[in-house]
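J.: give me a model of this one.
(2 chains)
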Amino acid sequence: MGEIGPPSPLAELGVLPPFGSASGRRVRGARGTPPVASLQGENVKVRVEVIRRPEIADPEGTTIKRALHELGHTSVTEMRVNRVFHLEVDGATDDEIRSKVEEMCHQLLANPVLEDFKIELLP
Amino acid sequence: MTTAVVVFPGTNCEHDVVSAITGLGGNARLVWHRETSLDGYDSVILPGGFAHGDALRTGAIARFSPIMGAVSQFAEQGKPVVGICNGFQILCEAGILPGALIANRDLSYICRFVEVEVTDTATILTNAAEPSQQLRIPLNSYEGNWVNPDGEGRVVVRYRGDPNGSTEGAAAVANEAGNVVGIMPHPERASDPLLGSTDGLVFLRSLLNSLVSV
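T.: You can find the predicted model right below:
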């Protein structure tokens, strides 16, 4: 890990976990960016892929596959269309952000009858 | 005996539903989705339209509207709950009805009369129909393809033919108790000779019957 700059005042307030914690904490300023003033923590880019389960029909994927076949791309044997959401989420630790986004997926972003989801925190 | 007709932002069939019910001698009033209570009502209809512009998935946002707590309570108490088209989608998203509605098999927005057959008359929306009665009512939907991976629910009205790929040909689905029914075609759009059919009145008359007998 590179230069981390002066300790954040947030750490003294107990808002952030101590350095070196196992929770995969993001260290602000590590990439040379100025400390964020927000008490909420740092915005982290999160990529959420909502994936229709294989046993559920995907009429859009089927139609696109058919079009590819008509264009001569008969090598395509399967086509599924999934959605990707790009979020920026405020949070002190990766674990906290991940659990927030999981809750969002369960509540709203994915329909549990049809879909699974995959959450990825981006650097 | 008054039916609440819930209006979400983007609902567009509420007046047709009220008109069809009052035409049958029933009472119906519009209820904004921000309301939290259905006190004073005996049944509730979630009408068709495009709540929240169908953002994310049809019905996905509407299911969190404040009124939905009272709608769930109605369903649990055995009171009549009907979802028409987008209303059906909202009931599935809310988990009040099983399954989900996905895009039509051929990715076409279907907007025409379809023939349906009533296959179960023991629900609040089909009790006025004869067993196996065939009816002609308009289907107007893009996400009308009911999928049901868990195998729950009762299919109470089926399409004749297969317009959209719906599982078991489902045009209407009820919960186990039969007091909650979602129907994809629009009964209120077949409620006057001027509209080309009055077959939809069978469903709305069933709802009014169920109010008298509750």
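
J.: which bits of chain B sit near chain A?
T.: B:56-57, B:60-61, B:64, B:92-93, B:98-100, B:102-107, B:145, B:147, B:149-150, B:165 (CB under 8 Å from any CB of the partner chain). All C-beta atoms are positioned from the backbone trio N, CA, C, and that covers glycine.

J.: what do you get if the cut-off is 10 Å, keeping everything else the same?
T.: Within chain B, the positions adjacent to chain A are B:56-57, B:59-61, B:63-64, B:92-93, B:95, B:98-108, B:145, B:147-150, B:164-165, B:167 by CB under 10 Å from any CB of the partner chain.

J.: buried among those residues? Make that a PyMOL selection.
T.: To isolate the buried members of those in PyMOL, using 16 or more other CB atoms under 10 Å in any protein chain shown:
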select buried, chain B and resi 56+57+59+60+61+63+92+93+98+99+100+101+102+103+104+105+145+147+148+164+165+167
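
J.: ok, whatever residue of chain A ends up closest to chain B - contacts?
T.: Closest residue of chain A to chain B, CB to the nearest CB: A:Val113 (4.3 Å). Applying CB atoms under 10 Å, 6 or more residues apart in numbering or on different chains, we find A:Val113 in contact with A:53, A:56, B:92-93, B:95, B:98-102, B:147-150.

J.: mind checking how far it is from B:Leu101?
T.: 10 Å (CB to CB, to the nearest Å).

J.: what's the overlap in contacts for those two?
T.: Counting by CB under 10 Å, 6+ apart, the residues touching both A:Val113 and B:Leu101 are B:92-93, B:147.

J.: so who does the nearest residue to B:Asn104 once chain neighbours are set aside touch?
T.: Distance criterion CB to CB, 6 or more residues apart in numbering or on different chains; nearest residue to B:Asn104, sequence neighbours excluded, is B:Asn164 at 4.0 Å. For B:Asn164, the contacting residues are A:59, B:101-106, B:108, B:110, B:114, B:139, B:141-146, B:170-171, B:184, by CB under 10 Å, 6+ apart.

J.: got it, and B:Glu130?
T.: By CB under 10 Å, 6+ apart, the neighbours of B:Glu130 are B:118, B:121, B:202.

J.: got any ranges where chain A has weak pLDDT?
T.: Low-confidence regions of chain A, defined by pLDDT under 70, span residues A:1-41.

J.: give me the number of residues near B:Gly10?
T.: The burial count assigned to B:Gly10 is 15, neighbours taken as other CB atoms under 10 Å in any protein chain shown.
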